[in-house]
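>>> Any chance you can model this:
(3 chains, ligands or ions: 3)
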Amino acid sequence: RSTPSTPSTPVVVQEEVQAALADGRGVVALESTILAHGLPHPDNIEIAAQIEDAVRAGGGVPATIAVLGGVVHVGLGPSELERICTAPDVAKLSMRDLGVAVALGLDGATTVASTSAVAHLAGIRVFATGGLGGVHRGASATFDVSADLGVIASTPVLVVCAGVKSILDVPGTLETLETLSVPVLGYRTNAFPGFYLSDSGHEVPWRVESAAEAAAVVVARDRLGTDAAGVVLANPLPVDRQVERGLHDRLVAEGLAVLEREGVHGKDVTPRLLEYFHDNSGGESLRANVELVLSNARLAGEVAAQIVAQSA
Amino acid sequence: RSTPSTPSTPVVVQEEVQAALADGRGVVALESTILAHGLPHPDNIEIAAQIEDAVRAGGGVPATIAVLGGVVHVGLGPSELERICTAPDVAKLSMRDLGVAVALGLDGATTVASTSAVAHLAGIRVFATGGLGGVHRGASATFDVSADLGVIASTPVLVVCAGVKSILDVPGTLETLETLSVPVLGYRTNAFPGFYLSDSGHEVPWRVESAAEAAAVVVARDRLGTDAAGVVLANPLPVDRQVERGLHDRLVAEGLAVLEREGVHGKDVTPRLLEYFHDNSGGESLRANVELVLSNARLAGEVAAQIVAQSA
Amino acid sequence: RSTPSTPSTPVVVQEEVQAALADGRGVVALESTILAHGLPHPDNIEIAAQIEDAVRAGGGVPATIAVLGGVVHVGLGPSELERICTAPDVAKLSMRDLGVAVALGLDGATTVASTSAVAHLAGIRVFATGGLGGVHRGASATFDVSADLGVIASTPVLVVCAGVKSILDVPGTLETLETLSVPVLGYRTNAFPGFYLSDSGHEVPWRVESAAEAAAVVVARDRLGTDAAGVVLANPLPVDRQVERGLHDRLVAEGLAVLEREGVHGKDVTPRLLEYFHDNSGGESLRANVELVLSNARLAGEVAAQIVAQSA
Ligand SMILES: [Mn+2]
Ligand SMILES: [Mn+2]
Ligand SMILES: [Mn+2]
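Numbering: from 1, shown residues only, chains lettered A, B, ... in the order given. Ligands and ions are numbered 1, 2, ... in the order given. Next up is the predicted model:
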């Protein structure tokens, strides 16, 4: 490493995104960890483009976020997307890692936490991802709770997700979101989704029937001004598009055993698990993962457009 | 539900409360969950008035907080008090639920968390309630910890309470308040009260002898400016007014069993438990509950007046 | 106690410290709990001077923080240092206790939490201590987690420490720092230090090779502006200066048994334990404790000077 020297503006916002924000169009932040660590190469390049298209189909402008050479990019062009999809040593950066990556001039992919934080910096109100991080099984002994939850609790960005993966402690995650005063809305559902599954077996506290209703909650929160928490909008896969429950339960049981056997923990858990699922589900886990991300991106585009319309 | 449309100012402050704040008189926020879900009808209407009178007797101006038709009211007139005391479908709203209630145009009663948050918005420095939410028994497995604690930790409002009910994990609640850097003051006591009991069996870190000393802590915190936490002022029932310990222990044991048997959890726990106590204590739990709320309201009025005087 | 009356400016910054901040020199905050409760009298007076000298040797200006007669002092003169080192009834003040001490006019020593908070108030960016508070062993049942962690998570001050004492739950503390989005940097090490031991057996997420790199992370975080967390810079004792592992393990086991037997808990744990170690290690624990504090103070001086240089 060379002598550290921090650029005075370590955040660059893509021109189209800048223009969309200035013009009052709805912008949707997208994370890059799914591109760098969640999807197999070379499919990830194609899927990255599909996710951005889904945001546009919903009425929004996409802004994929990543760190390239120590600069935080909000909105990536084709060559930047390819770099994050193909570079061999892309770090996985939570919010606390961003400053380190900037100081040391690294390439890195952003998580739910860091994408939310950067989105807020740039004035973006909505973020689409696959699943949130949460409370890990056994966290009462290990204290292993994702930084995603605390960042959502202090960052006024609405996150569209398909719930959390059932390898986590789902009820513990919902309780922690309640403790942290983060609203959780079910999109046309009373059930908190379980990522590959449409229904995790746990209820959401509130249900909304449309992107307009979800946006109204964000606008009402802005006008109230009690706090700066984000909002979780939980968008399940349709029941006929979820991973078949028997396959799902087998994958989760096997995946947890693999983590145990290989001693994987911390930030390596999700990438390793997704790899295991993708290798052992005959394509089903990848299919569902891509479908739910596209569905979330489209809904996020709709909500972003609605927030702008209702705030006017 | 009709199309959502958020009023541009979803908070209305009653004229008397506005005048009191402008004139530098001490204002005391009061919650409405006790009215809607904690006390039996029709007594609750009468008791609501007594609580407001107790604030005035202490030297303050009462501001009961509730959401009516999607508008947050700070200070309720007689017909509004009656509506929150009698309407059949009043939601229980923690801070995270306020934006949803505003967006969807609901009626709702405010908890410790939401009342504190709204009080702070309106410029009110003191809030009187019965007992705080806290860490639930078994929370190390369930992660069930009330949002009250986190909201108090980030909202500079002094909360007068009679500690927490002994159905909670009392030492765990005190540790969590310490972890969250919330000062806890005993009012003329070294013991943290246990709601129906004068002494929970656990110590407070600091003791104050007067409303003036409690107010001095608030004023000192303002002048220091290290953080925006609230202050818990724990005000026990006199020993000769507490619920007799044998009766108390029986009610708690039975109440916990009822919750278990009926599968009650989350926001439904406290209302169900109070109902059980009120139905099975021959009037004692209701008597003590009302007395402690009135005592807290009066002390809150004194502290609010002192804060204004000392800040001048 | 007399009638409370809070001074309108309860914080006094020593002239030399004021001048250093105005001139853009690096200032390093120092805590006083180690002086009042961590080191034996009369050695503590001499060691207090050595710690300040170490900061200067690193290129910084020291500012020891304490509360005297209800006034928060940032930077102590010789007679004030002697008072905090010798007064018999110096309270131990975490952040939540500062307002109480100001209101009641007390003398008190500051912890990691309160020193960080006051440093930030005064515009100081770096703080040197021995070890952080953390997650206590058994905290999943007791919820006993130091307020230090939450304060560091919301206070943009870099804390130089030698990790945490192995009487704590070290991996639980590291997980909690991750959950709270606090960056942890190892200074020329991949291992999180264990206070008396150079290596706690757990990894740090990032390693820096110089004071300049650590400062670059702080400057990068300032320029990003995603959040107001502090940074933990973990600086181990050299392996040949650590407490011999056999002695260490015996002291920890015995110390935990003493706490258990004497029923010591809360804020009394660390002082009692250090006293036990100092009485039963033939001088080794005191020797190591002083060496690591001096090493941290010197490194903090270097980092403070670098932050100023790189921010220019
Ligand atoms: Mn973790
Ligand atoms: Mn709960
Ligand atoms: Mn503790």
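>>> the strands in the stretch 101-250 of chain A, which residues?
Secondary structure of the stretch 101-250 of chain A (DSSP state E, counting those that start in this stretch): strands at A:108-110, A:126-128, A:158-161, A:184-187, A:191-194, A:197-203, A:206-208, A:231-234.
>>> and A:Pro10, how many residues sit next to it?
A:Pro10 has 21 neighbours, counted by other C-beta atoms under 10 Å in any protein chain shown. Quick note: C-beta positions are derived from backbone N, CA and C, even for glycine.
>>> Which residue, other than its chain neighbours, is closest to it?
Spatial nearest neighbour of A:Pro10, excluding adjacent residues (C-beta to C-beta, 6 or more residues apart in numbering or on different chains): A:Val102 at 4.5 Å.
>>> My guess is the one you found contacts A:Gly69. True?
No: applying C-beta atoms under 8 Å as the test, A:Val102 and A:Gly69 come out as separate, 9.7 Å apart.
>>> Of these two, give the one with the bigger neighbour count.
A:Val102 (28 against 13).
>>> Between the strands of the stretch 101-250 of chain A, which one is closest to C:Ala220.
With C-beta to C-beta as the measure, strand A:108-110 is the member of the strands of the stretch 101-250 of chain A nearest C:Ala220 (12.7 Å).
>>> So the closest one, near chain C or not?
No: using C-beta under 8 Å from any C-beta of the partner chain, strand A:108-110 never reaches chain C; the gap is at least 10.9 Å.
>>> in its sheet, what does that strand sit against?
Here strand A:108-110 is paired, per DSSP bridges, with strand A:61-68 (antiparallel), strand A:91-93 (parallel).
>>> Relative to C:Val11, how far out is the closest residue to ligand 3 within the stretch 51-200 of chain A?
Nearest residue of the stretch 51-200 of chain A to ligand 3: A:Phe143, at 14.9 Å (C-beta to the ion). For A:Phe143, the distance to C:Val11 (C-beta to C-beta, to the nearest Å) stands at 34 Å.
>>> and these two? which has more neighbours close in?
Set A:Phe143 next to C:Val11 and count neighbours by other C-beta under 10 Å: A:Phe143 wins out with 23 against 20.
>>> Stretch A:17-31: which residues count as buried?
For stretch A:17-31, burial by neighbour count (16 or more other C-beta atoms under 10 Å in any protein chain shown) applies to A:17-18, A:20-21, A:25-31.
>>> Mind pulling the model confidence for the residue nearest to A:Pro10?
Per-residue pLDDT puts A:Val102 at 97.
>>> What number of neighbouring residues does A:Val252 come out with?
Neighbours of A:Val252 under the rule other C-beta under 10 Å: 19.
>>> Check whether it really touches A:Ile167, as I assumed.
Yes: using C-beta under 8 Å, A:Val252 is in contact with A:Ile167, at 5.7 Å.
>>> which residues does A:Val55 contact?
A:Val55 makes contact with A:28, A:30, A:61-62, A:128, A:297-298, A:300-301, according to C-beta atoms under 8 Å, 6 or more residues apart in numbering or on different chains.
>>> And it, which helix or strand is it part of?
Taking DSSP states H and E as the definition, one finds A:Val55 inside helix A:43-58.
>>> ok so, going back, could I get the strands of the stretch 101-250 of chain A as JSON lines with mean neighbour count?
What follows is these, written out as JSON lines (neighbours: other C-beta atoms under 10 Å in any protein chain shown):
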{"stretch": "strand A:108-110", "mean neighbour count": "29"}
{"stretch": "strand A:126-128", "mean neighbour count": "32"}
{"stretch": "strand A:158-161", "mean neighbour count": "27"}
{"stretch": "strand A:184-187", "mean neighbour count": "22"}
{"stretch": "strand A:191-194", "mean neighbour count": "24"}
{"stretch": "strand A:197-203", "mean neighbour count": "18"}
{"stretch": "strand A:206-208", "mean neighbour count": "21"}
{"stretch": "strand A:231-234", "mean neighbour count": "26"}
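>>> Regarding A:Val72, what is its secondary structure?
Counting by DSSP: H, G, I helix; E, B strand; the rest coil, the backbone at A:Val72 sits in strand.
>>> ok, and the closest non-adjacent residue to it?
Among residues not flanking A:Val72 along the chain, A:Val11 sits closest, at 4.5 Å (C-beta to C-beta, 6+ apart).
>>> Next, the one you found: phi, psi?
phi -120, psi 130 (degrees, to the nearest 10).
>>> Now do it against ligand 3, distance only.
In this view, A:Val11 and ligand 3 are 38 Å apart by C-beta to the ion, to the nearest Å.
>>> Mind pulling up the pLDDT for that residue?
97.
>>> secondary structure class for the nearest residue to A:Val61 once chain neighbours are set aside?
Leaving aside its sequence neighbours, A:Val61 sits nearest to A:Ala20 (C-beta to C-beta, 6+ apart; 4.0 Å). Three-state assignment for A:Ala20 (three-state DSSP): helix.
>>> Can you report how many residues lie near the closest residue to chain B within the stretch 1-150 of chain A?
Nearest residue of the stretch 1-150 of chain A to chain B, counting by C-beta to the nearest C-beta: A:Ser140, 4.5 Å away. Neighbours of A:Ser140 under the rule other C-beta under 10 Å: 19.
>>> so it sits right up against C:Ser140, yeah?
Yes: contact status for A:Ser140 versus C:Ser140: in contact at 4.5 Å, counting by C-beta under 8 Å.
>>> got any residues that touch both of the two?
Common neighbours of A:Ser140 and C:Ser140 (C-beta under 8 Å, 6+ apart) are B:Ser140.
>>> hang on, the earlier thing: got a list of what the residue nearest to A:Pro10 touches?
Taking C-beta under 8 Å, 6+ apart, we find A:Val102 in contact with A:6-7, A:10, A:67, A:70-72, C:220, C:223-224.
>>> among the residues you listed, which ones are buried?
Judged by 16+ other C-beta under 10 Å, buried ones among the contacts of A:Val102: A:6, A:10, A:67, A:70-72, C:220, C:223-224.
>>> Could you dump the residues you listed into CSV and include distance to A:Leu197?
Formatted as CSV, the buried ones among the contacts of A:Val102 follow (distance: C-beta to C-beta, whole Å):
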residue, distance to A:Leu197
A:Thr6, 44
A:Pro10, 39
A:Val67, 32
A:Gly70, 39
A:Val71, 38
A:Val72, 34
C:Ala220, 40
C:Arg223, 42
C:Leu224, 37
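>>> Any stretches of chain A with poor pLDDT?
A:1-7 (pLDDT under 70).
>>> Please report the distance of the most centrally placed residue in it from A:Gly59.
Centroid-nearest residue in chain A, with C-alpha atoms, centre = their mean: A:Thr129, separated by 2.9 Å. For A:Thr129, the distance to A:Gly59 (C-beta to C-beta) stands at 19 Å.
>>> what's the answer for A:Leu81, then?
21 Å.
>>> now do A:His136
Distance from A:His136 to A:Gly59, by C-beta to C-beta: 36 Å.
>>> Same check on A:Arg188?
18 Å.
>>> which bits of the stretch 51-200 of chain A sit near chain C?
Proximity of the stretch 51-200 of chain A to chain C, by C-beta under 8 Å from any C-beta, involves residues A:72, A:94-100, A:102-104, A:113-114, A:117-118, A:120-121, A:140-147, A:149-151, A:154.
>>> list the buried ones in the strand or helix carrying A:Arg298?
For A:Arg298, the element it lies in under DSSP H and E is helix A:284-311. Residues A:284-286, A:288-290, A:292-308, A:310 are the ones in helix A:284-311 that count as buried (16+ other C-beta under 10 Å).
>>> buried sites along stretch A:72-86?
A:72-76, A:80-85.
>>> correction: stretch A:250-259
For stretch A:250-259, by 16+ other C-beta under 10 Å, it's A:251-252, A:255, A:259.
>>> Please list which of these are also close to chain B.
Okay, of the buried residues of stretch A:250-259, nothing touches chain B (C-beta under 8 Å from any C-beta).
>>> which residues does the closest residue to A:Gly225 other than its chain neighbours contact?
Leaving out its chain neighbours, the residue that sits closest to A:Gly225 by C-beta to C-beta, 6+ apart is B:Leu121, at 6.5 Å. Going by C-beta under 8 Å, 6+ apart, B:Leu121 touches A:224-226, B:11.
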